[in-house]
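> no sequence for this one, just the structure:
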């Protein structure tokens, strides 16, 4: 790195309020980014990576105070600037893109006007020339028919298009530094691949330095020039991407990399070819918006979906958002009532039962939910949460609580957790509680809806191990709904790929990954980030 | 920060709480402070306040002790305020919970009924109800309850609507809990905070409503109330201001106290929504 760095963070220390779980959000942070360079700051949730980015933008929460160090942008210390000067730096010298493109855009303003507004805020050009520049920028970020799209409102665009608009806004004044805070986390894998390509192309064309915050090692491997690994607010390792990924020095980096699931499926395990315990035939679900005048909008969430799962088998249901995979998963538990088809547990057709008649059979099929923070009632103790199911099915409350204690041990928590409330646990521990709740009824089938998607990669690996282990020990049939092909490769025996409500391909995991037949499957596999540099250990 | 310390951080709420406790003390101790009926004529009419020690707040047009009326009125105002709020909650919470949880045509039907009540000016409806049912403490409580439940139903419906889609409610469905049990054990406990805040403000408006009814002569004829005292003294406002003034101040302070406490509760129960925090 011979050039003078665009951004040079020296010994930055951010103090957290007195009641936080550690004194500093980040401490002694040193980072430097040269023009045209892309630095990935990677870390798990709570590592302080976003705080570091917000410090550069001067957007720290009021309770967090910088207490030491400098943030030098082209030699000028941003921490010393007043509000007015900082406002001018934002946009003109530093652009920022956020995680959620829907909430970052003003929903009642045309996107062209929003881009022009950035120029207006810095008093550049007149109305007509600003609009021309907005259309130019939208062309540059690859939006189709930019002149027409400039007049669109955010809700009329797709997630990827919105993120492109955000990037156009961030680049409007040709800043020398672009900060991207998890910009692709909310996007589908194919859209993510396009956005990553765009960011990569733009910084090459304009020589923009990019500070890229992410938790996803796949993304890191895809685009990083250099990598800084953050743990508990401290940089534990920093260096060129190939060095960090290929030969990690620090123990924590090694552990993180080892926890990233490999895209190569393990050799197929021998499994008992038994009778299917769950079989779904011709399942269909149509969502129709009720409308007072005329027909509402119709969405075919699932059409003619058929599959079956045997005891001790895991079937992966894979697809992008809106593919209907969650709808199918929820239909199996009748959390959503299907419109067509039948769902059988052994020989029992559960779609033919009334809601009341189905209730006693519910214990046979249970669910693990995505969000470990929303899936536990905050006002009940862990013991009661787990015991609720058995009690509803007629077990004595005392016996159910006793069983809850055993289940906590089974999922790797101390039995003492029984009297505590959900907020006292971490995300991974909460997910274990969610699994214990599902197991409390001794189910034969487990539906896991994105059960590890909200977890950090190291925790994710532990939960996946736990699910694998329980499946083996209890002979569960598992329907594993996920968008993450890496996770699917590791845990599923067979995989069904869904697109627009239909299963387009289904097969053994190893076969499907080695030789995908359907073009959509091929497209999905090609879009998984980091396939090139993240090799299986 | 715990609930108590967040509540205590709000100075206004503490002032309100102290006022409210003082009022409750008056209500409880009333019969000992003034054991005789407040309707008894005990002195010369139009005795000015702060003149004699026995009748500190003066006497009214018929020689009744204003202070005695005030203390006895406290009991009635507080009683009506709390009981009619309870009635409104008993109507509004179940209706809102049912509408929000089941949705569909049940929601449509219940919300149309709610809107029907909301479109009628509440004070006019209360007057009609009390007039039809004959003024008594029961009819007044009922009338105030009936005109003030719609906002409760709407609030609970909104909360339940969003809570119903939470994953822990879905989990309760999948383990086979009955619908009624899910509503009572999973959903409603999580709506308590906004309901408490709303209820504290509803007590204040119920007291105002009762005072207005009494002012118009629609109060319970056997009970001395603040509204009646203001109404009875209003014709002599120019020469005997104290007859209307003191009960007016009592109404003002009570409503103010309840609003301050309500706002403090709101800040303490919904820390993320309170002003001035990051």
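Here it is on my side, so go on. Keep in mind that what you see is a predicted model, and the values were worked out from it rather than measured.

> Please count neighbours and contacts with C-alpha atoms only from this point.
Noted.

> buried ones in the helix or strand hosting residue B:32?
When elements are assigned from DSSP states H and E, residue B:32 belongs to helix B:11-33. For helix B:11-33, the neighbour count (16 or more other C-alpha atoms under 10 Å in any protein chain shown) marks B:12-14, B:16-17, B:19-20, B:23, B:26-27, B:30 as buried.

> Serialize these to CSV and add fields for distance to residue A:413 and pLDDT.
CSV is the format used below for the buried residues of helix B:11-33 (distance: C-alpha to C-alpha, whole Å; pLDDT from 0 to 100):
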residue, distance to residue A:413, pLDDT
B:12, 45, 86
B:13, 42, 89
B:14, 43, 91
B:16, 46, 91
B:17, 44, 92
B:19, 49, 92
B:20, 47, 91
B:23, 51, 89
B:26, 54, 86
B:27, 53, 86
B:30, 58, 81
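
> Now do the contacts for the residue in chain A that chain B sits nearest to.
As assessed by C-alpha to the nearest C-alpha, chain B sits closest to residue A:375 within chain A, at 4.1 Å. Listed by C-alpha atoms under 8 Å, 6 or more residues apart in numbering or on different chains, the contact partners of residue A:375 are A:369, A:434, B:166-169, B:171.

> what about residue 125, how many residues close to it?
In the absence of a named chain, this looks at chain A. When neighbours are counted by other C-alpha atoms under 10 Å in any protein chain shown, residue A:125 registers 13.

> Oops, wrong one, chain B.
Residue B:125: 16 surrounding residues under other C-alpha under 10 Å.

> element containing the residue lying closest to it once chain neighbours are set aside, please.
Of all residues beyond its chain neighbours, the one nearest residue B:125 is residue B:147 (7.0 Å), with distances taken as C-alpha to C-alpha, 6 or more residues apart in numbering or on different chains. Using DSSP H and E, residue B:147 sits in helix B:137-148.

> After that helix, heading C-terminal, what element do we hit next?
The first helix or strand that comes after helix B:137-148 along the chain, using DSSP H and E, is helix B:150-164.

> Is chain A within reach of that following helix?
No: looking at helix B:150-164 against chain A by C-alpha under 8 Å from any C-alpha of the partner chain, there are no contacts, and the closest approach is 9.9 Å.

> And that helix, what's buried?
Applying 16+ other C-alpha under 10 Å to helix B:150-164 flags B:150-161, B:163-164 as buried.

> mind listing what the residue nearest to residue B:125 touches?
Counting by C-alpha under 8 Å, 6+ apart, residue B:147 has contacts B:88, B:117, B:122-123, B:125-126.

> Enumerate the residues of the stretch 351-500 of chain A near chain B.
Residues of the stretch 351-500 of chain A found near chain B (C-alpha under 8 Å from any C-alpha) are A:359-360, A:362-363, A:365-367, A:369, A:371, A:374-377, A:379, A:388-390, A:392-393, A:438, A:441.

> rerun that using 7 Å as the cut-off
By C-alpha under 7 Å from any C-alpha of the partner chain, the residues of the stretch 351-500 of chain A that approach chain B are A:359-360, A:362-363, A:366, A:369, A:374-377, A:389, A:392-393.

> By neighbour count, which of those residues wins?
Busiest of these [other C-alpha under 10 Å] is residue A:376, holding 29 neighbours.

> give me every residue that touches that residue.
For residue A:376, the contact set (C-alpha atoms under 7 Å, 6 or more residues apart in numbering or on different chains) comprises A:422, B:168.

> and if you look at residue A:378?
Here residue A:378 is in contact with A:421-423 (C-alpha under 7 Å, 6+ apart).

> if you look at the lowest-mean-pLDDT helix or strand in chain B, does any of it touch chain A?
One helix or strand of chain B scores below all others by mean pLDDT, DSSP states H and E: helix B:3-8, with a mean of 78. No: Helix B:3-8 is not in contact with chain A by C-alpha under 7 Å from any C-alpha; minimum separation 14.2 Å.

> which residues touch that helix?
Here helix B:3-8 makes contact (C-alpha under 7 Å, 6+ apart) with B:14, B:264-265, B:268-269.

> What about the residues you listed, which are in helices?
With DSSP state H as the criterion, helices contain B:14, B:264-265, B:268-269 from among the contacts of helix B:3-8.

> Output the residues you listed as CSV; include the columns distance to chain A.
Listed next are these as CSV, based on distance: C-alpha to the nearest C-alpha, whole Å:
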residue, distance to chain A
B:14, 25
B:264, 22
B:265, 19
B:268, 17
B:269, 14
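
> could you dump these to JSON lines with distance to residue A:224?
Output for the ones in helices among the contacts of helix B:3-8, formatted as JSON lines (distance: C-alpha to C-alpha, whole Å):
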{"residue": "B:14", "distance to residue A:224": "56"}
{"residue": "B:264", "distance to residue A:224": "50"}
{"residue": "B:265", "distance to residue A:224": "50"}
{"residue": "B:268", "distance to residue A:224": "45"}
{"residue": "B:269", "distance to residue A:224": "45"}
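
> what about stretch A:193-212, average pLDDT?
The pLDDT scores in stretch A:193-212 average 90.

> I'd like the distance from that stretch to the chain centre, please.
A distance of 21 Å separates the centroid of the chain from that of stretch A:193-212, by C-alpha atoms, centre = their mean, to the nearest Å.

> who touches that stretch?
A:6, A:33-41, A:141, A:176-181, A:223, A:527, A:529.

> go on, stretch A:238-254?
Stretch A:238-254 is contacted by residues A:224-229, A:236-237 when judged by C-alpha under 7 Å, 6+ apart.

> sorry, back to before: tell me the helix or strand right after the helix holding residue B:32.
According to DSSP H and E, the helix or strand after helix B:11-33 is helix B:66-102.

> What are the buried residues along that next one?
Neighbour-count burial for helix B:66-102 flags B:66-89, B:91-101 (criterion: 16+ other C-alpha under 10 Å).

> next one: stretch A:226-236
Those would be A:226-235, for stretch A:226-236 by 16+ other C-alpha under 10 Å.

> Can you tell me the closest non-neighbouring residue to the residue positioned nearest the centre of chain B?
The residue lying closest to the centre of chain B (C-alpha atoms, centre = their mean) is residue B:203, at 1.4 Å. Nearest residue to residue B:203, sequence neighbours excluded (C-alpha to C-alpha, 6+ apart): residue B:81, at 4.7 Å.

> Distance from the chain centre to the helix or strand of chain A with the lowest mean pLDDT, please.
The weakest-scoring helix or strand in chain A, judged by mean pLDDT, DSSP H and E, is helix A:101-104 (a mean of 76). Centroid separation for helix A:101-104 versus its chain: 16 Å, with C-alpha atoms, centre = their mean.
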